[in-house]
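Novice: What follows is a predicted protein model with its sequence.
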Number of protein chains: 2
Amino acid sequence: MTTKTIRLLMPQWQGGNNPNYSFGAELLAWLAPNNDQPLIHVPVRPYEGIPLQNEHGMYGRTQLLQQLEAAEHLIQAHQPDRIIMFGGDCLVEQAPFAYLNEKYDGELGLIWIDAHSDLVRYTGYDNGHTLPLGNLLGEGDQEFAKHVKVPLKPENVFIAGLAVATEEENKFIAEAFEAQGITVVEHDTEMIERLGIRTAGTAELASSLDSIKTWIQERNIKHLAVHLDLDVLDPQAFRSLLFAKPYEPYLVSPSGTMQFPQLLHLLKELSEETEVVGLGITEHTPWDAINLKNLLAEIPILNT
Amino acid sequence: MTTKTIRLLMPQWQGGNNPNYSFGAELLAWLAPNNDQPLIHVPVRPYEGIPLQNEHGMYGRTQLLQQLEAAEHLIQAHQPDRIIMFGGDCLVEQAPFAYLNEKYDGELGLIWIDAHSDLVRYTGYDNGHTLPLGNLLGEGDQEFAKHVKVPLKPENVFIAGLAVATEEENKFIAEAFEAQGITVVEHDTEMIERLGIRTAGTAELASSLDSIKTWIQERNIKHLAVHLDLDVLDPQAFRSLLFAKPYEPYLVSPSGTMQFPQLLHLLKELSEETEVVGLGITEHTPWDAINLKNLLAEIPILNT
C-alpha cells in the first residue's frame, strides 16, 4: 500500500495580523525540494490594505475560521496519510494536525518545536497565532477548539526549544505588556504544568535528545506530527524572522537560540525514532526577500 | 515601433569563486515582477564540488570565458533593445553592457551602483568579479577586454555609492591583503583619477542627485545602463550579501551604506532623466534562503 503525502501552502497572515507571513509561505514552498508530492493551495484572503477587525478578542476571526474550514475541506477531499503544511502564521497547524489525530485514532504524537508554546490567549495582543496548540488540546479559543473533533492528549505533546527569558527580559516583557494593556489569565508555564506537557529547552536538547526519545517510547508514539516555528532558530543565524526586522528589533517576546545543525539533527532523529506523518513550518518572515521584491516591483525597466 | 526587452538569468558563481551566487541569481529572478519580458537562461556550469583552477591569475577563467560567449551568442540571437541581467557575480555585466554600447554607437552611459568600482585586478585574490568595469573600458583582463568590441568611454561612466573605508579599515584591509599575499598594481582610486571617471558616494547622493543629473546632461546620455551590485546596500538593512554571512563577518572589503528608499529614489530618477536600456543586478547572497533550502533538502518527510 502506498502512502499518500500532500503539501499544503497556506499563506495565512491574519493569525499574526502581519501580511508579511503570506510571502514567507510562498517562498518557503518554493524553497522545498521538488518531488511528486502535490502542492495544494489553501485559499487565504490576501491583505488589501484594510486593517483587520478585532472580533471578540481575535483580529480577523471570521477570515481565520473560513480559512480553517477551507483547509479542513481540502484535507478531507484528499484523505492523505501524511501532510506537510507551509505557513503562514502558526494557526495554520490546526487543520492538518487535528485531521491526523483523528486519522490515527487519537494517538498522534506532536512535537512543538518553537520558541513559544502557543497555548494561551494574551488579552490585548489579540492574535490567533498565540494559541493553536491550545486549540489542538481542546482549550485555547472555543470557536476554534470545537473544530478539533478529537483533541490531542496533553501527554502526547512535547514542546522543544522553548525560549526561557532571563529575569531581566521577563521584567522588560512584563513592563511592555503592561504598557500595551496585555493581560494573561493563565500563563503558558501554568498550563504546561496543569496539563503535564513535557518540554525541553534548546540547551538541554543540544547535549542529548534522550528526553524526546524516552517520551516517544513511553507514550508508544507510532505516528508523529512535527510543528516547526522557524523562530526557534537563533535570529543571528536566521534573520528571516519577525524578531529580526532590520533596524526594528522586536523585544517583547524572547527569541530562539537553536542553530541549523542542531535543528536538522533533531528532525532526522525524530524520523529515525518513529513515523513522521505531519510537518508544519511556520512564521517565515524573509525581510530581505520582501524588501528586494518590493524594490524590483518599482524599478521602471522591470515594469514596462 | 515596439521596444524589445529581454531578461537574462545568469547564475554565474565562478567570477566570485562562490557557489552561493548561483542560487542568489535564481531567487532574484523569481522575485522580479512578472510581465511579458522573456526570461532567457544563460548556461552556467554548476558547482559540482570541484575547486576552480587558478588559470593565469583568474579562478575558472576557461569557464568564465565560455559563459561570456554563451551570453554574447544569446544576446546576438535575440537582438534586444533593452536587457535586464539577473546575476550572479558582477562579471555577468560584461556581455549585456558591451552589446548595448555597440548597439547605441559607443555612446552608452553606464552608472555603476556598487560599493566597489570593479576596475582592477587584486593579484592573490584572483577572482574575475573584481574587474568587469575595467573590461568594459578596454582595460581589466586582456582576454575579457578583447570581447568588448566598442569599449565604453570613461567619461560616460559614473560610479555611485562607492564605499570609502575609514583610516582604521584601510589599515586593517592593508594588513589582511598583506597576510593573504594580495597585491595591487594600480588601485581603483588611481584608475578612476587617470581615466577621469566621475563618482559620488552614498552620503553625497543622499543629499542630492545633481552630480548624476549634470553628468547625464553634460555627456548628453540618451541611453543608460544601470549596474546594481546589491552590496551597495547597508548590510544591516539587507543581509543577503557576501559581507553579512551569519557568524562570519567578512571584513576585508568595506561595505555599503545605502538604504532601500534612497536606492529606489535613485533608480526612479535615472528613468526620469534618460532612457534606461540596461539593468544588471548582481552579487545576491541570500544566506537565510540558502540555509533554509539546505535544511528542507534533508528533512526526511520532504524527500520521500
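Specialist: That came through, no problem.
Novice: in chain A, which spans are helices?
Specialist: Assigned helices in chain A, in chain order: A:20-31, A:61-78, A:94-103, A:132-136, A:142-145, A:167-180, A:188-195, A:202-207, A:210-218, A:260-273, A:287-296 (criterion: DSSP state H).
Novice: in the third one, what's buried?
Specialist: So the one you mean is helix A:94-103. Using 16 or more other Cβ atoms under 10 Å in any protein chain shown as the test for burial, helix A:94-103 gives A:Q94, A:A95, A:P96, A:F97, A:A98, A:Y99, A:L100, A:N101, A:K103. Just so you know, the C-beta spots here come from the backbone N, C-alpha and C atoms, and that holds for glycine as well.
Novice: Mind putting the residues you listed into JSON lines with distance to chain B and pLDDT?
Specialist: Shown next, in JSON lines, are the buried residues of helix A:94-103 (distance: Cβ to the nearest Cβ, whole Å; pLDDT from 0 to 100):
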{"residue": "A:Q94", "distance to chain B": "19", "pLDDT": "98"}
{"residue": "A:A95", "distance to chain B": "17", "pLDDT": "98"}
{"residue": "A:P96", "distance to chain B": "12", "pLDDT": "98"}
{"residue": "A:F97", "distance to chain B": "14", "pLDDT": "98"}
{"residue": "A:A98", "distance to chain B": "18", "pLDDT": "98"}
{"residue": "A:Y99", "distance to chain B": "16", "pLDDT": "98"}
{"residue": "A:L100", "distance to chain B": "12", "pLDDT": "98"}
{"residue": "A:N101", "distance to chain B": "17", "pLDDT": "98"}
{"residue": "A:K103", "distance to chain B": "16", "pLDDT": "98"}
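Novice: so how far is A:K293 from A:Q262?
Specialist: Noted for A:Q262: a distance of 30 Å to A:K293, by Cβ to Cβ, to the nearest Å.
Novice: before we move on, what about A:D105?
Specialist: A:D105 is 44 Å from A:K293, by Cβ to Cβ.
Novice: that older thread, worst average pLDDT in the helices of chain A?
Specialist: The minimum mean pLDDT among those belongs to helix A:167-180 (a mean of 82).
Novice: Next, report how far that one is displaced from the centre of its chain.
Specialist: 24 Å (Cα atoms, centre = their mean, to the nearest Å).
Novice: likewise stretch A:248-260?
Specialist: 15 Å.
Novice: Same check on stretch A:46-57?
Specialist: Worked out by Cα atoms, centre = their mean, stretch A:46-57 lies 20 Å from the chain centre.
Novice: Same question for it: list its buried residues.
Specialist: A:Y47, A:L52.
Novice: residues touching the single nearest residue of the stretch 1-150 of chain A relative to chain B, list them.
Specialist: Evaluated by Cβ to the nearest Cβ, the stretch 1-150 of chain A has A:L31 as its residue closest to chain B, separated by 4.4 Å. Listed by Cβ atoms under 8 Å, 6 or more residues apart in numbering or on different chains, the contact set of A:L31 reads B:A289, B:L292, B:K293, B:L296.
Novice: ok, which of those also contact chain A?
Specialist: B:A289, B:L292, B:K293, B:L296 (Cβ under 8 Å from any Cβ of the partner chain).
Novice: Now list the buried members of those.
Specialist: So, by 16+ other Cβ under 10 Å, the buried ones in the ones next to chain A among the contacts of A:L31 are B:A289, B:L292, B:K293, B:L296.
Novice: Test my guess that the second one contacts A:W30.
Specialist: To tie it back to what came earlier, the one meant is B:L292. No - using Cβ atoms under 8 Å, B:L292 is not in contact with A:W30; the gap is 10.5 Å.
Novice: In contact with A:L28, which residues are there?
Specialist: A:L28 neighbours (Cβ under 8 Å, 6+ apart): A:F86, A:G87, A:I281, A:H284, B:L292.
Novice: Among those residues, which one has the most neighbours?
Specialist: A:G87 (34 neighbours; other Cβ atoms under 10 Å in any protein chain shown).
Novice: which residue packs closest to that residue, ignoring adjacent ones?
Specialist: A:T282 (3.8 Å; Cβ to Cβ, 6 or more residues apart in numbering or on different chains).
Novice: can you pull up the bridge partners for A:L8?
Specialist: A:I40, A:M85 (DSSP bridges).
Novice: count of neighbours near it?
Specialist: 26.
Novice: same question, A:L302
Specialist: That count, for A:L302 with other Cβ under 10 Å as the rule, works out to 20.
Novice: what's the spacing between it and chain B?
Specialist: Plainly put, A:L302 is 6 Å away from chain B if you go by Cβ to the nearest Cβ, to the nearest Å.
Novice: which ones are touching that residue?
Specialist: A:L296, B:A32, B:P33, B:N35, B:Q37, B:I84, B:L279.
Novice: Run a quick neighbour tally on the third one.
Specialist: Counted by other Cβ under 10 Å, the residues lying close to B:P33 total 12.
Novice: Quick one: residues contacting the residue nearest to the spatial centre of chain A.
Specialist: By Cα atoms, centre = their mean, the mean C-alpha position of chain A lies nearest to A:C90, the distance being 3.0 Å. Contacts for A:C90 (Cβ under 8 Å, 6+ apart) come out as A:G15, A:G16, A:D114, A:D118, A:H129, A:P132, A:H227, A:D229, A:T282, A:E283.
Novice: what's near enough to touch the nearest residue to the last one once chain neighbours are set aside?
Specialist: Spelled out, it's A:E283. Sequence neighbours aside, A:D229 is the residue nearest to A:E283 in space, at 5.0 Å (criterion: Cβ to Cβ, 6+ apart). Contact analysis of A:D229 by Cβ under 8 Å, 6+ apart lists A:C90, A:I113, A:D114, A:A115, A:H116, A:D118, A:T282, A:E283.
Novice: In strands, which of those residues fall?
Specialist: Taking DSSP state E, the ones among those that sit in strands are A:I113, A:T282.
Novice: Enumerate the residues of the stretch 101-250 of chain A near chain B.
Specialist: Counting by Cβ under 8 Å from any Cβ, the stretch 101-250 of chain A sits next to chain B at A:V226, A:L230, A:Q236, A:A237, A:F238, A:R239, A:S240, A:P246, A:Y247.
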